[in-house]
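Peer 1: give me coordinates for this.
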Amino acid sequence: MTEEWGPFKHLFKRLEVPAKSILLQEGEISRTMFFIEKGCLRTWVNNDGREITTQFFFEGHSVSSIESFRTNQPSLYSIESLEPCILQTVSQKEFRDALENSPELRMQLEEHLFRRLLQGQKLLYSYLKNTPQQRYAELIENYPHIVQRIPQHYIASYLGITSVSLSRIRNRR
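Peer 2: Predicted coordinates for the structure are as follows:
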């Protein structure tokens with residue numbers, strides 16, 4: 001857990017999950033926020049039975065379907081562990097109570113949401129402007145650890161290409 005959440009660590013409960021654990025299913029209401037102490041999570045959507053990875057999260061990141069967590073609307077995506085994980089969790093109710101009583105937490109949440117929005121916008125514009133080769137090069141440059149820790153088929157899904165296309169791109173580098 002990052003230092004910014006330290007003052008609220010009394011709210012957290014430790015959870016260990018094996019790889020390939022679904023923590024939130026698309027369409028369910030998110031009632032838990034996860035802070036990754038160790039391991040990796042991904043978010044993904046189901047497109048007619050095909051999983052499309054939308055983001056990866058590692059140690060120090062917090063993850064939830066924040067839209068669902070805050071509005072009680074069904075989640076637009078699933079959250080799954082890719083590695084065995086040690087997570088710190090906080091319930092929706094405990095988080096809401098803390099948020100109401102702490103301007104500091106509200107400011108931290110606002111900053112966190114801004115960073116997530118910025119990251120999402122960069123990803124969207126990368127999809128609109130760049131070729132798969134450029135998106136892969138960007139990924140390697142900005143997040144070199146992803147290639148070392150994430151199976152190739154998830155990276156391909158994240159880039160919007162097939163595993164075969166990703167193999168070709170990697171071979172050209």
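Peer 1: helix/strand/coil for Arg42?
Peer 2: Put simply, Arg42 is strand when judged by DSSP: H, G, I helix; E, B strand; the rest coil.
Peer 1: tell me the helix or strand right after the top helix by length along the chain.
Peer 2: Counting by DSSP state H, the longest helix found in the chain is helix 103-129. Heading C-terminal from helix 103-129, the first helix or strand you meet, by DSSP states H and E, is helix 132-142.
Peer 1: which residues are in contact with the helix or strand following that following helix?
Peer 2: Per DSSP H and E, helix 132-142 leads on to helix 144-149 as the next helix or strand towards the C-terminus. Here helix 144-149 makes contact (Cβ atoms under 8 Å, 6 or more residues apart in numbering) with 40, 56, 58, 82-83, 139-140, 155. Using the backbone N, CA and C atoms, a C-beta is placed for each residue, glycine as well.
Peer 1: try 6 Å
Peer 2: With contacts defined as Cβ atoms under 6 Å, 6 or more residues apart in numbering, helix 144-149 is touched by 40, 56.
Peer 1: neighbours of Ile31, how many?
Peer 2: Not Ile; residue 31 is Arg. Arg31 is flanked by 16 other residues according to other Cβ atoms under 10 Å.
Peer 1: next, the closest residue to it other than its chain neighbours: phi, psi?
Peer 2: What sits nearest to Arg31 in space, not counting adjacent residues and going by Cβ to Cβ, 6 or more residues apart in numbering, is Gln92, at 4.7 Å. Main-chain dihedrals, Gln92, degrees, to the nearest 10: phi -60, psi -50.
Peer 1: what residues sit buried inside stretch 66-81?
Peer 2: Of the residues in stretch 66-81, 66, 68-70, 75, 77-81 count as buried by neighbour count, 16 or more other Cβ atoms under 10 Å.
Peer 1: listing request: residues of the protein with sub-threshold pLDDT.
Peer 2: Counting by pLDDT under 70, the chain has low-confidence residues at 1-8.
Peer 1: give me the nearest residue to Ser78, chain neighbours excluded.
Peer 2: Per Cβ to Cβ, 6+ apart, closest to Ser78 is Glu26, 4.6 Å.
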